[in-house]
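K.L.:
sequence? don't have it. structure:
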């Protein structure tokens, strides 16, 4: 069991008229991720509405803020329990046996044009050992070929752009890995989170994007950008790609400032928690049928 | 009440090895569309698995077929009851009041890059009267500017391509209208169907794609291609765009032949059914909270 | 006659190994633009090679610089004489009568995909009065629809992107106008320069990009961005689009700093020079057959 | 010496009003390709104007045709003498030493977005042996990865599309190889022609597209599609990419039919001509300074 404590501070300056926001900054509530305690602070006297998606435990908070500054602070302590597996046990699931609710994740989406990549994946991964090894080959291909380079991509950058330009940030690594998996008919989806233990080369703690791939009967965690141990990831949102899972969607004339994020791990033999670490087992925090 | 009877015949030639198929050719089962009778014929002795999406009543049929020819025939008689409204009554819903399950339809998707169109929609539709009139202005803009031209687009064509090239088929008209609505923060989605009363200029009866837009508290039907009366549409699939709602997704080395589709309307004063016709009211066959 | 004096200062930091540069910062030498005096300063003891393109009077300077800092300063005083015409006199030239050397400018290029815009230009400009009035309609369309917004585009942004996103800088305005003219079979090309009298909203003096369109028998000057009087433009490079006319092409691992540019107009009744101003005549500084 | 005899028959149906055509179907006239005899037939009594580009020997024919059918037949016999080199002798030329007239061919163009491929070429070819061997590695990469598949691409398909979709026709193979060479700062250009000895898999004789790369001091011939021996190529047009070298550019409402093309080789010991064959030497038919 891992216990992580994080806080997120978002700051905005709203121009002339009241503006709507949809946030996805609450820790997801799942069987594997229990929210021990959480607290929300809003600098304006507004009443947010929080909606919880029952399939994923994702929480969306909507609010309408008045002109002027808006600060949103959220902090939470979560306990994450991982399901561990050996790579050898993880198989690709034939189309005919995929659970119905998994099917949407084999289709293309805004940033993951898997429909265009059929020949490329056969060429690159057609001879790889099916199952976990093929997914790992895809992840390695993305990681080896792509430079982690902040500023090299923008909100319009998609998986096909990243194949061409070979540079991006965590979101681009995730989109590319997802598109390649789907083109091989392996369900894959996009997860946003905060992660503990980010390589300092990647800069200060920020929102992170990683990948879940469906093998055998669970969703397994992959971090193609390789900047942090998958064990240290807190799940916020789950969707097809970044279009589904923005941490903040802003409607109106609003100036946004950089988020400020902190995360720490609680550990020690006395309380039974361990620190996130890189490991050789494969991790999962989401089964097929229950969140 | 309208009664439509249609049949679909799909033909394939499967090469070397058994291939998976996911079909979405069953009539959707909703409160507004009741399947009176239906029949499925498969030329191979395979057992299909049909999964019904409870939100939309969409039915997906999966099967694995052996090498050689495969014919799939489906016929159904459906009764469609329309909800009618006056344009004056239909308002745009503020972000803060949109039902949660409607939210996914304001985000961009594979073929509807609404995230890139924010300035364009303000320029073109920012001064239109909000509500139904604005949606109608969007539909008119798409229809006036775009030539219905079979062969001018392909499976990679998206809304931004159609703005540039001003030509396409029903699917492209639908993608463009959806992208523009979403860029205005008006939820919009993609529906596939078979439609009665297609303009003969558009060729023989084929699968059709049209649009549903969320106003006030229902999904309203629009056919930006203008090739048929919205009243004559049978719903098959509902999704964000064509990536979600293909009538057939084929996995493997398979040769596909052109679908053969027929549709007729059952009418007459004796049985109480009326013929689909163009009308000035706005139609809906899907409320917000029940399918 | 107009006399302009400008200087350009470019600064680089060259990493490990000697790097090649191709500059296009010299004032073009044409019948209409005479270089009165010019001076070049290089901070490294390298010998540049300058090549003059005889068709356009464009001058390209190549040099190989050693690791460390490199500063390139160029200053020049040029006398520009304008050919003035009334809009009424300027006609589109039929394809069959276009001078052969003008033909390349009706074809698409890297950033001007005129081949995709055939339907759009017929829709928007098909009914405009042919000749200068149509070109002006194209310029007005670009200027009205597009926001001048530094940071909204990048080196990959092309004319079709600018139609979609409706924002850009002078280079994007120029690419879009060129693409639209070519799609109407009106030859159009890209000119880089320094311009006197830039609107201060557009920031400090910088390299500028504008458009030349071939009408009757000359190339006429248009500035679709509208940020400066066309009379104040000094020509540096001439080509199909920005791919042909970069002020600096750098080969190797080099850090580039922002250019520093100054320009002033020499005037006064005693010396016979006038100040650049907005005027109703149409300007040309390039005939068809002589530069 | 090789003697080839070919004929081209183009057919059009011109609608309402007289339409302009620009053809590039004449055999180029160069030092290496001598036109022994040629003949042109036009089904309408129009007088074409032929313009010869002095740099490349390309001939452009313009004409205006009346409504109704138009047939254009051209036949020619050409003698081609090849310059042969050993791969070992062919070096990449440093930027600083490239002849000025070669410089345009290191920049991106409509279908060859070399500016986006800087990282990809370093990744794939950065460690290849410079010179001919690197160019050959690029050609092999393109040929191995890309399926020759008529119908898989269209007039909007560019080099970056072909990297993603890994399918195309000769024009797409050529665009991709050119873009990769330019991204490595190796000048490369597009040549159209008719070729003798096409692999029958590629269908009946058609217009062909191939590549010239500048090494040491000449342009060397490469056929990345691999469908014919480079020795059997007749040069028609030379340019940056397909945007420059269309065999027919049509202005107006015209219906085009498929070209009909035939080619044969004249050989035999008595006349001194040899048949085109695959060979291990590298071929050139264009020096740097003379056509």
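P.N.:
Structure received. Since we're looking at a predicted model, the values are computed, not measured.

K.L.:
hey, where'd the strands end up in the stretch 1-150 of chain A?
P.N.:
Remark: strands assigned in the stretch 1-150 of chain A by DSSP state E, counting those that start in this stretch are A:2-14, A:19-23, A:33-42, A:49-52, A:59-65, A:68-80, A:83-85, A:147-148.

K.L.:
ok, now how distant is the closest residue to chain B within the stretch 151-291 of chain A from residue A:175?
P.N.:
Using C-beta to the nearest C-beta, residue A:243 is the residue of the stretch 151-291 of chain A that sits closest to chain B, at 4.8 Å. From N, CA and C alone the C-beta is placed, and that goes for glycine too. Distance of residue A:243 to residue A:175, computed by C-beta to C-beta, to the nearest Å: 10 Å.

K.L.:
need the residues touching each of these two.
P.N.:
Listed as contacting both residue A:243 and residue A:175 by C-beta atoms under 8 Å, 6 or more residues apart in numbering or on different chains are residue A:111.

K.L.:
ok, residue A:93 - contacts?
P.N.:
Contacts of residue A:93 by C-beta under 8 Å, 6+ apart are A:102, A:187, A:214-217.

K.L.:
run the last query once more with 10 Å
P.N.:
Counting by C-beta atoms under 10 Å, 6 or more residues apart in numbering or on different chains, residue A:93 touches A:99, A:102, A:131, A:185-187, A:214-217, A:288.

K.L.:
quick one: low-confidence parts of the stretch 51-200 of chain A?
P.N.:
Within the stretch 51-200 of chain A, the segments meeting pLDDT under 70 span A:200.

K.L.:
90 - rerun?
P.N.:
Scanning the stretch 51-200 of chain A with the threshold set as pLDDT under 90 gives A:53-57, A:89, A:101, A:197-200.

K.L.:
list the buried residues for stretch A:246-256?
P.N.:
A:246-250, A:252, A:254 (16 or more other C-beta atoms under 10 Å in any protein chain shown).

K.L.:
before we move on, the earlier item: so which of the strands of the stretch 1-150 of chain A is the most surrounded?
P.N.:
For those, the largest average neighbour count (mean count of other C-beta atoms under 10 Å in any protein chain shown) is found in strand A:19-23, namely a mean of 22.

K.L.:
so for it, mean pLDDT?
P.N.:
The average pLDDT for strand A:19-23 rounds to 97.

K.L.:
which strands or helices does it pack on?
P.N.:
strand A:2-14, strand A:49-52, strand A:59-65, strand A:68-80, strand A:248-251, strand A:254-256 (3 or more C-beta pairs under 10 Å, 6 or more residues apart in numbering or on different chains; DSSP states H and E).

K.L.:
and residue A:50, what does it touch?
P.N.:
With C-beta under 10 Å, 6+ apart, residue A:50 has these contacts: A:23, A:26, A:40, A:59-63.

K.L.:
please disregard the earlier target; I meant residue A:86.
P.N.:
Contacts of residue A:86 (C-beta under 10 Å, 6+ apart): A:132, A:280-282.

K.L.:
doesn't residue A:234 make contact with residue A:4?
P.N.:
Yes: assessed by C-beta atoms under 10 Å, residue A:4 is found in contact with residue A:234 at 5.6 Å.

K.L.:
quickly list what's touching both of the two.
P.N.:
Contacts common to residue A:4 and residue A:234, judged by C-beta under 10 Å, 6+ apart, are A:27, A:33, A:76, A:78, A:80, A:194-196, A:263.

K.L.:
of these, which is the nearest to residue C:228?
P.N.:
residue A:194 (47.8 Å; C-beta to C-beta).

K.L.:
the host helix or strand of the closest one and chain B in contact?
P.N.:
For residue A:194, the host element (DSSP states H and E) is strand A:188-195. No: interface with chain B: strand A:188-195 contributes nothing (C-beta under 10 Å from any C-beta of the partner chain), its closest point being 12.5 Å away.

K.L.:
wait, a strand at residue A:161?
P.N.:
No: Residue A:161 sits outside any strand when classified using DSSP: H, G, I helix; E, B strand; the rest coil, being helix.

K.L.:
what's near enough to touch the residue nearest to it when sequence neighbours are not counted?
P.N.:
Spatially, and ignoring its direct neighbours in sequence, residue A:161 is nearest to residue A:153 (7.2 Å; C-beta to C-beta, 6 or more residues apart in numbering or on different chains). Residue A:153 makes contact with A:161-162, A:165, A:167-169, A:171-172, A:175 under the criterion C-beta under 10 Å, 6+ apart.

K.L.:
run the last query once more with 8 Å
P.N.:
With C-beta under 8 Å, 6+ apart, residue A:153 has these contacts: A:161-162, A:165, A:167-169, A:171-172.

K.L.:
now those as TSV including secondary structure and neighbour count?
P.N.:
As requested, the contacts of residue A:153 are exported to TSV (DSSP: H, G, I helix; E, B strand; the rest coil; neighbours: other C-beta atoms under 10 Å in any protein chain shown):
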residue	secondary structure	neighbour count
A:161	helix	24
A:162	helix	26
A:165	helix	23
A:167	strand	20
A:168	strand	25
A:169	coil	23
A:171	helix	23
A:172	helix	29
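
K.L.:
the residues you listed: which two are farthest apart?
P.N.:
A:165 and A:171 (14.0 Å).

K.L.:
quick check: residues of the stretch 1-150 of chain A near chain D?
P.N.:
A:116-117, A:119-120, A:123, A:145, A:147 (C-beta under 8 Å from any C-beta of the partner chain).

K.L.:
could you tell me which residues of the stretch 151-291 of chain A lie near chain D?
P.N.:
So the stretch 151-291 of chain A meets chain D at A:160, A:163-167 (C-beta under 8 Å from any C-beta).

K.L.:
which parts of the stretch 151-291 of chain A are strands?
P.N.:
Using DSSP E, counting those that start in this stretch, strands in the stretch 151-291 of chain A cover A:167-168, A:188-195, A:207-215, A:218-222, A:233-239, A:248-251, A:254-256, A:260-266, A:282-287.

K.L.:
the first one pairs with which strands?
P.N.:
Based on DSSP bridges, the strands next to strand A:167-168 in the sheet, each with its direction, are strand A:147-148 (parallel).

K.L.:
likewise for the longest one?
P.N.:
Listed by DSSP bridges, the sheet partners of strand A:207-215 and their directions read strand A:188-195 (antiparallel), strand A:218-222 (antiparallel).

K.L.:
would you mind giving those strands as CSV with mean neighbour count added?
P.N.:
Below are these laid out as CSV (neighbours: other C-beta atoms under 10 Å in any protein chain shown):
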stretch, mean neighbour count
strand A:188-195, 27
strand A:218-222, 23
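
K.L.:
pretty sure residue A:27 is touching residue A:263, no?
P.N.:
No: Residue A:27 sits out of contact with residue A:263 when judged by C-beta atoms under 8 Å, with a separation of 11.3 Å.

K.L.:
mutual contacts of those two, please.
P.N.:
Counting by C-beta under 8 Å, 6+ apart, the residues touching both residue A:27 and residue A:263 are residue A:234.
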